[in-house]
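**Student:** my questions are about this predicted structure, shown below with the sequence.
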Amino acid sequence: MPLSLTRVGNVPTETYGQATIHWLASHAASGAAELTVGLTTIQPGGGTPMHRHPNCEEVLHLLTGQMDQLIEGHPALHMTPGDTVTIPRNLPHGAKNTGPTPAVMIVVFSSPRRETILI
């Protein structure tokens, strides 16, 4: 695979619930062959709908803000900057910004073509 440099503002971006995701690395964004990486921002009071990823696990690392990860069958996980959570493949989950400032996180999926199914 040739080297690829991406920059926020020049990559595919999508709105997912109340989250904005900049796809920094993926098959579509950079030709990645093995993973997807995104930079996600959720405004105060916002969140993502419950969903699952049948073809990959997801790692979320919170850079700024506060949020709750809502994971089916588990108590909410309250995250503060520096916290990381790994969501197993196909496990329903969602997020809610619980703080007064935007929550910004890095998200990594174990597939370059992540699949998402809304619940």
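**Tutor:** It's in.
**Student:** who's the most centrally placed residue in the chain bridged to?
**Tutor:** In the chain, the centroid-proximal residue (C-alpha atoms, centre = their mean) is residue 107; its distance is 3.9 Å. According to DSSP bridges, the residues that bridge with residue 107 are residue 38, residue 60.
**Student:** which residues touch it?
**Tutor:** By C-beta atoms under 8 Å, 6 or more residues apart in numbering, the contact list for residue 107 reads 21, 36, 37, 38, 39, 40, 58, 59, 60, 61. Heads up, the C-betas are built off the backbone N, CA and C, glycines and all.
**Student:** just the closest of those residues to residue 72, please.
**Tutor:** For those, the minimum distance to residue 72 (C-beta to C-beta) is 13.6 Å, reached by residue 58.
**Student:** and that closest one, how many neighbours?
**Tutor:** Summarising burial for residue 58: neighbours were counted as other C-beta atoms under 10 Å, giving 23.
**Student:** check contacts around the residue nearest to it when sequence neighbours are not counted.
**Tutor:** Using C-beta to C-beta, 6 or more residues apart in numbering and skipping residues adjacent in sequence, the residue nearest residue 58 is residue 87, 4.4 Å away. Under the criterion of C-beta under 8 Å, 6+ apart, the contact partners of residue 87 comprise 53, 57, 58, 59, 60, 69, 71, 93.
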